[in-house]
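[1] how does the following fold in three dimensions:
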Amino acid sequence: MDLYRLVHSKALWVFLAIIVALAAISTGTVAYVSSPTFTESLEAAEGLHVGFSDAKSTAEAGAALGSLVQNLSAESLVGSSLLSGGALACLFAIFVAIFLTAEFEGGFAKNVLSAQPNRLALLAARSVEIAVLAVAFTAVSIGATLAIAAVAGLELAPTPPADLALWAALVALSVAAFGMLTALGAWATRKMAASIVIGVVLASGVVTAMLKSALALFPSAPHIADYTPYSCTASLALGLDAAGTLDPLHIALVTAAFIVIGIGLGAVALQKRDV
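    Have a look, this model is predicted:
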């Protein structure tokens, strides 16, 4: 998965286009819900009942819907569009799984290792590339969402540039963590389908949900689920200052730890002599 092949691959641009499309759909929906046109359409629909609103009239229902997007920050907008549910992380995991396993299935890894037998050098190169890709996917996600919000006329609450930069760096770090764990699965199995399943199960929060269910049997147990990459991503989806979110330092340490774990175990997995 060298950078030259990545830039010239159709898959990279397809995945980035999917991210832009998701951002457009989500941001466009938010912009429409917050617009006077939507409120007027609710007022014109007599007897309309909004399930999550206890409003006594459609006008109040429209106001209730509008209040959901008032004071919406860039962090929460991107979070609701691409971080909630692990959409960005799942896309990134699938992309990493496809390209890493394609190296083995297509014989590219064999050629690389023939020219450079040091498998740790291959690990270092792929780790750097995963980090670069995580930054690229994060940048496209944030840039596309904010650009579409500006075009749609959606007013966002001001966010200090330093806070936005810190939040973006943490998002990239969490995405890289899922990428490294998926890479570990790819290096261990050498199978595309298995790697995709591993990446999606981790990025979608299935493992974290199972862990929380198991821990529910032990009320006095510590919040171990908070030490998973998915919990960190879910916290970032709400922003840095929202109530109940994890501390930025906690997020940085947890995601960095999983990146290190992925690299360490990846060094072991790459020692398999089947290529």
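[2] residues touching the residue nearest to A242 when sequence neighbours are not counted, list them.
    Leaving aside its chain neighbours, A242 sits nearest to S76 (7.2 Å; criterion: Cβ to Cβ, 6 or more residues apart in numbering). The way it works is simple: take the backbone N, C-alpha and C, and place the C-beta from them, glycine included. The neighbours of S76, taking Cβ atoms under 8 Å, 6 or more residues apart in numbering as the test, are 237-239, 242.
[3] likewise for A74?
    Contact analysis of A74 by Cβ under 8 Å, 6+ apart lists 142, 145-146, 149, 156, 159, 164.
[4] list only buried entries from those.
    The neighbour count (16 or more other Cβ atoms under 10 Å) marks 142, 145-146, 149, 156, 159, 164 as buried among the contacts of A74.
[5] spell out the secondary structure type for A221.
    State at A221, reduced to three classes by DSSP: H, G, I helix; E, B strand; the rest coil: coil.
[6] out of the contacts of S76, which are inside helices?
    Among the contacts of S76, DSSP state H puts 237-238 in helices.
[7] weed out the non-buried ones from the contacts of S76.
    Of the contacts of S76, these count as buried by 16+ other Cβ under 10 Å: 237-239.
[8] surely A87 touches L22?
    Yes. If you go by Cβ atoms under 8 Å, A87 and L22 touch, sitting 6.3 Å apart.
[9] give me the common contacts of these two.
    Shared contacts of A87 and L22 (Cβ under 8 Å, 6+ apart): S81.
[10] which stretches of the stretch 101-250 of the chain aren't confidently modelled?
    106-117, 222 (pLDDT under 70).
[11] mind listing the helices for the stretch 51-200 of the chain?
    58-68, 74-78, 87-105, 108-115, 119-151, 161-189, 192-203 (DSSP state H, counting those that start in this stretch).
[12] ok, which of the ones you listed comes nearest L12?
    Closest to L12 of the helices of the stretch 51-200 of the chain, according to Cβ to Cβ: helix 87-105, at 7.3 Å.
[13] relative to the whole chain's centre, how far out is that closest one?
    Computed by Cα atoms, centre = their mean, to the nearest Å, the chain-centroid distance of helix 87-105 equals 13 Å.
[14] now stretch 150-163
    Mean C-alpha position of stretch 150-163 versus that of the full chain (Cα atoms, centre = their mean) differs by 20 Å.
[15] now Q271: phi and psi?
    Phi and psi for Q271, reported as degrees, to the nearest 10, are phi -80, psi -10.
[16] S220 now?
    The phi/psi pair for S220 (degrees, to the nearest 10) is phi -90, psi 0.
[17] quick check: it vs V254, distance?
    22 Å (Cβ to Cβ, to the nearest Å).
[18] neighbour count for these two, which is higher?
    For S220 versus V254, neighbours defined as other Cβ atoms under 10 Å are more numerous around V254 (20 against 4).
[19] can you list the neighbours in contact with the helix or strand where that one lies?
    Secondary structure assignment for V254, by DSSP states H and E: helix 248-269. For helix 248-269, the surrounding residues in contact (Cβ under 8 Å, 6+ apart) are 119-120, 123, 127, 166, 170, 173-174, 176-177, 180-181, 183-184, 187-188, 226-229, 231-232, 235-236, 240.
[20] mind giving me the PyMOL select for those residues, buried ones only?
    Here is the PyMOL command that selects only those of the contacts of helix 248-269 that count as buried (16+ other Cβ under 10 Å):
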select buried, resi 119+123+127+170+173+174+176+177+180+181+183+184+187+188+226+227+228+229+231+232+235+236+240
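[21] and which of the buried ones among the contacts of A74 is nearest to L72?
    L156 (5.8 Å).
[22] report the contact partners of that closest one.
    Taking Cβ under 8 Å, 6+ apart as the test, what L156 contacts is 72-74, 77, 146, 149.
[23] ok, which pair from those is furthest apart?
    Going by Cβ to Cβ, the pair spanning the contacts of L156 furthest: L72 and L146, at 11.7 Å.
[24] is it possible to get TSV of the contacts of L156 that adds distance to L270?
    What follows is these, written out as TSV (distance: Cβ to Cβ, whole Å):
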residue	distance to L270
L72	44
S73	41
A74	39
L77	39
L146	39
A149	42
